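K.L.:
Build the 3D model from these lines:
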Amino acid sequence: MKNKTIIIVVDDNELDLLISSRMIGKVNPELQVKTYLCGHDVIKCLNESVEVCKSENIIFLIDVYMEKYTGFQLISELKQLFVSSKCTVNYYLLSASIDMGDLLRINADIAIGGFINKPLTVDLVKKLKT
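P.N.:
Here you go, the predicted structure:
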């Protein structure tokens with residue numbers, strides 16, 4: 001059985017979620033895309049259905065600057081959630097602007113696949129490890 005890829009987009013801006021979801025669907029309509037407005041909702045959902053995720057490839061696209069969670073805080077919690085999971089998990093941080101300290105922090109964390117400028121483009125979506 002072929003593993004499916006799920007892309008989970010977390011952003012506190014509904015317009016950015018809509019753009020990201022549509023762009024991903026345009027590039028690959030077969031990908032399953034889930035969107036969340038806050039990190040707490042992602043953690044809650046995954047805690048309730050972590051068994052489903054074990055056989056999946058998961059790509060997280062997470063806004064760096066959210067109100068209740070930073071992207072870094074959310075990734076830290078997600079790493080703990082998936083520590084014993086057999087699924088492949090890739091994390092990317094999104095932002096319309098970024099400071100140099102955050103870029104250094106992103107590059108220093110081997111779990112983070114990179115930084116993506118918002119809004120998503122067709123070329124950026126094609127480069128994701130699906």
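K.L.:
List the buried residues for the helix or strand of the chain with the lowest mean pLDDT?
P.N.:
When the helices and strands of the chain are scored by mean pLDDT, DSSP states H and E, helix 39-53 comes last with a mean of 79. Across helix 39-53, burial judged by 16 or more other C-beta atoms under 10 Å covers Gly39, Val42, Ile43, Leu46, Cys53. Bear in mind the C-beta positions are built from the backbone N, C-alpha and C, glycine included.
K.L.:
helices or strands up against it?
P.N.:
Packed against helix 39-53, as judged by 3 or more C-beta pairs under 8 Å, 6 or more residues apart in numbering; DSSP states H and E, are the following elements: strand 5-10, strand 32-36, helix 71-81.
K.L.:
Put together JSON lines for those, with distance to Tyr92 and mean pLDDT on each row.
P.N.:
Below are those laid out as JSON lines (distance: least, C-beta to C-beta, whole Å; pLDDT from 0 to 100):
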{"stretch": "strand 5-10", "distance to Tyr92": "10", "mean pLDDT": "92"}
{"stretch": "strand 32-36", "distance to Tyr92": "14", "mean pLDDT": "93"}
{"stretch": "helix 71-81", "distance to Tyr92": "9", "mean pLDDT": "93"}
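K.L.:
Name the stretch among those that sits most buried.
P.N.:
Among the helices and strands packed on helix 39-53, ranked by average contacts under mean count of other C-beta atoms under 10 Å, first place goes to strand 5-10 (a mean of 22).
K.L.:
Show me what that strand is packed up against.
P.N.:
The elements that strand 5-10 packs onto, with contact taken as 3+ C-beta pairs under 8 Å, 6+ apart, are helix 14-27, strand 32-36, helix 39-53, strand 57-63.
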